[in-house]
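J.: can't give you the sequence, but here's the structure:
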């Protein structure tokens, strides 16, 4: 079996819709997690969640940035075959940035932050984390949140709160962050204000 | 296998859906900002809700329950044909009951019954740019949004006061979203503006002809523009609905004869029907029952 051709959505139309609604609901309700479509398989270093997000949102119109450990021939072949999306090594050109872990993730400001006129042109970062719970407690406020909500994903950058508040400062510019783990996605749009939970 | 060519689920092709889905995600991340998208030809004319239809087609799944309203009514031409469209191309269940719907596509009203978490309200928008009638150039309005330069809008509202003694705008009344973007709530009556504020539902806006998508996430601040000495107020109706007796709802005037006879009835037909079946009766409703 050639894994390049296998491992896409079993049911492309409905699986993409399922994953999209999960991502949309996650972004519209920051700090909560939603289940992605389950039929995608991991492609070596490209986790099933990263693959599912990629297949849902990217095509020939989106530039994809891959973190170091994802830049393997099989992953690149998988992306080329299933999405046709062009790859870029320049984070500031990325529509979507896929990172296998936090150590391979550049600082947020190195990605496309959009412009004041077109803030929608910024990068959406998709970061694979070990778990969406069990980490340091974060307190979230902002659109999509009924007053406040707590969440505790693991595997975030050490200076995440500083990087995030710098990113929030740029509003309406800035990156949006999707955290994926164990079949689920959590959304942190640029509009969210995050502080320590305790 | 059916020999006749089939449309893709929900009519749009997958690449179009992805493009619209990406626009929706950015719209949610930047509440009130109008995201440009590559609007498609739909099998209905512009002005019939092509923007809303494209948004609905991109988010809808087989498990969704769809309600479509036109000026609050489930049974007008626009609502009936869009509901039939999705029943055909997406084989989804449709409903007229607000509480049963997961997606509600609307032309110019927000249902009276408060929306709940998990519900999605999709607005059909004719002119998404609130500043368009004040400044026709897109390059200029884009810069005004970028610089948060909304003085012109306040001047417009002030001129209303100078001319009429009050803010005369009654529909498409401009709002500020999360303290940043001034947004057109689509031509809903200003009566509905307060319902957008901190709504539990996700609100998506699609403007097909003008190629724009924008959004208000749940629990987001939506404030109608006003002045300290001329605070925003909604329409008030002197009499209750003639059929169900409802107060504090938006009413339509219906002309009854050529001698000035008229009645006021709920614009939200589902809300009115539910109230009547629960035993509420208005002035004309009673007469009807007595005849």
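T.: Perfect, I can see it now. Bear in mind that the values here come from a model prediction, so they are computed numbers and not experimental data.
J.: Report how many residues lie close to residue B:264.
T.: Neighbour count of residue B:264, defined by other C-beta atoms under 10 Å in any protein chain shown: 21. Yep, even glycine has a C-beta here, placed from its N, CA and C like the rest.
J.: what do you get for residue A:138?
T.: Close neighbours of residue A:138, defined as other C-beta under 10 Å, add up to 22.
J.: how far away is it from chain B?
T.: Using C-beta to the nearest C-beta, to the nearest Å, we find residue A:138 at a distance of 18 Å from chain B.
J.: Is that residue bridged to anything, and to what?
T.: Counting by DSSP bridges, residue A:138 forms beta bridges with residue A:151, residue A:196.
J.: What of residue B:73?
T.: Beta-bridge partners, per DSSP bridges, of residue B:73: residue B:70.
J.: Against residue B:247, how distant is it?
T.: 20 Å (C-beta to C-beta, to the nearest Å).
J.: So which of these two has more stuff around it?
T.: Counted by other C-beta under 10 Å, residue B:73 and residue B:247 do not tie: residue B:73 has more neighbours, with 22 against 10.
J.: any low-confidence regions in the chain?
T.: Picking chain A for this. In the predicted model of chain A, residues A:1-3 satisfy pLDDT under 70.
J.: wrong chain, I was asking about chain B
T.: B:1-5, B:286-291.
J.: Break down it into its strands, ranges please.
T.: Along chain B, counting by DSSP state E, strands occupy B:35-36, B:65-70, B:93-94, B:103-107, B:120-124, B:175-177, B:181-183, B:202-207, B:212-216, B:222-224, B:251-255, B:262-266.
J.: CSV please, covering those strands and showing distance to residue A:117.
T.: Output for these, formatted as CSV (distance: least, C-beta to C-beta, whole Å):
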stretch, distance to residue A:117
strand B:35-36, 11
strand B:65-70, 34
strand B:93-94, 40
strand B:103-107, 30
strand B:120-124, 24
strand B:175-177, 18
strand B:181-183, 13
strand B:202-207, 18
strand B:212-216, 14
strand B:222-224, 23
strand B:251-255, 41
strand B:262-266, 43
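J.: For the spatially most central residue of chain A, which residues are in contact?
T.: By C-alpha atoms, centre = their mean, chain A has its centre lying nearest to residue A:126, at 1.7 Å. The neighbourhood of residue A:126, defined by C-beta atoms under 8 Å, 6 or more residues apart in numbering or on different chains, consists of A:50, A:53-54, A:96-99, A:178, A:180.
J.: Break down chain A into its helices, ranges please.
T.: Counting by DSSP state H, one finds helices in chain A at the ranges A:12-28, A:48-57, A:73-82, A:160-169.
J.: Figure out which of those helices is closest to residue B:92.
T.: Across the helices of chain A, residue B:92 has its closest neighbour in helix A:12-28 (11.5 Å, C-beta to C-beta).
J.: In that closest one, which residues are buried?
T.: A:13-28 (16 or more other C-beta atoms under 10 Å in any protein chain shown).
J.: Please identify which residue in the stretch 51-200 of chain B comes closest to chain A.
T.: Proximity to chain A, evaluated over the stretch 51-200 of chain B using C-beta to the nearest C-beta, is greatest for residue B:146 at 4.0 Å.
J.: can I assume that residue is in contact with residue A:114?
T.: No: look at residue B:146 against residue A:114 with C-beta atoms under 8 Å: they stay out of range, at 10.7 Å.
J.: More neighbours: which of the two?
T.: When residue B:146 and residue A:114 are compared on other C-beta under 10 Å, the one with more neighbours turns out to be residue A:114, at 22 against 16.
J.: how about the residues of the stretch 1-150 of chain B near chain A?
T.: For the stretch 1-150 of chain B, the residues in contact with chain A (C-beta under 8 Å from any C-beta of the partner chain) are B:8-9, B:14-15, B:17-19, B:21-31, B:33, B:35-36, B:58-62, B:118, B:142-143, B:145-147.
J.: Now for residue 195: which residues touch it?
T.: No chain was given, so I picked chain A. A:138-139, A:141, A:161.
J.: Chain B was what I was after
T.: Residue B:195 is in contact with B:110, B:114, counting by C-beta under 8 Å, 6+ apart.
J.: thinking again about what came up before, out of the contacts of residue A:195, flag the one nearest to chain B.
T.: In terms of C-beta to the nearest C-beta, no member of the contacts of residue A:195 lies closer to chain B than residue A:141, at 10.0 Å.
J.: contacting residues around the closest one?
T.: A:147-148, A:192-193, A:195.
J.: Show me these that map onto strands.
T.: Per DSSP E, the contacts of residue A:141 map to strands at A:193, A:195.
J.: May I see the contacts of residue A:141 arranged in JSON lines, with distance to residue B:211 as well?
T.: Shown next, in JSON lines, are those (distance: C-beta to C-beta, whole Å):
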{"residue": "A:147", "distance to residue B:211": "35"}
{"residue": "A:148", "distance to residue B:211": "36"}
{"residue": "A:192", "distance to residue B:211": "28"}
{"residue": "A:193", "distance to residue B:211": "31"}
{"residue": "A:195", "distance to residue B:211": "38"}
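J.: From the contacts of residue A:141, pick the one nearest chain B.
T.: Chain B lies nearest to residue A:147 out of the contacts of residue A:141, by C-beta to the nearest C-beta, at 7.7 Å.
J.: out of everything not next to it in sequence, what's closest to the closest one?
T.: residue A:141 (7.3 Å; C-beta to C-beta, 6 or more residues apart in numbering or on different chains).
J.: before we move on, what about residue B:219?
T.: Counting by C-beta to C-beta, 6+ apart, the residue nearest residue B:219 is residue A:146, at 4.7 Å.
J.: So what's the residue count around the one you found?
T.: Taking other C-beta under 10 Å as the criterion, the count of residues near residue A:146 is 11.
J.: ok, it to residue A:31 distance?
T.: 11 Å.
J.: With residue B:86 instead?
T.: As judged by C-beta to C-beta, residue B:86 and residue A:31 stand 32 Å apart.
J.: Test my guess that residue B:167 contacts residue B:230.
T.: Yes: using C-beta under 8 Å, residue B:167 makes contact with residue B:230 at a distance of 6.0 Å.
J.: So for the two, which sits in the more crowded spot?
T.: Between residue B:167 and residue B:230, counting by other C-beta under 10 Å, residue B:167 is the more crowded of the two (22 against 14).
J.: The closest residue to the more buried one other than its chain neighbours - how many residues pack around it?
T.: Nearest non-adjacent residue to residue B:167, counting by C-beta to C-beta, 6+ apart: residue B:160, 4.8 Å away. Residues lying near residue B:160 (other C-beta under 10 Å) number 15.
J.: quick one: contacts for residue B:160?
T.: Shown in contact with residue B:160 (C-beta under 8 Å, 6+ apart): B:166-169.
J.: And the buried ones among those, selectable in PyMOL?
T.: The PyMOL command for the buried members of those (criterion: 16+ other C-beta under 10 Å) is given here:
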select buried, chain B and resi 167
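J.: Can you redo the contacts of residue B:160 as JSON lines, where the extra columns are distance to residue B:186?
T.: Rendered in JSON lines, the data for the contacts of residue B:160 read as follows (distance: C-beta to C-beta, whole Å):
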{"residue": "B:166", "distance to residue B:186": "23"}
{"residue": "B:167", "distance to residue B:186": "18"}
{"residue": "B:168", "distance to residue B:186": "19"}
{"residue": "B:169", "distance to residue B:186": "14"}
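J.: Among the contacts of residue B:160, which one lies nearest to residue A:60?
T.: Ranked by distance to residue A:60 (C-beta to C-beta), these are led by residue B:169 at 43.7 Å.
J.: Now for that closest one: which residues touch it?
T.: With C-beta under 8 Å, 6+ apart, residue B:169 has these contacts: B:157, B:160, B:190.
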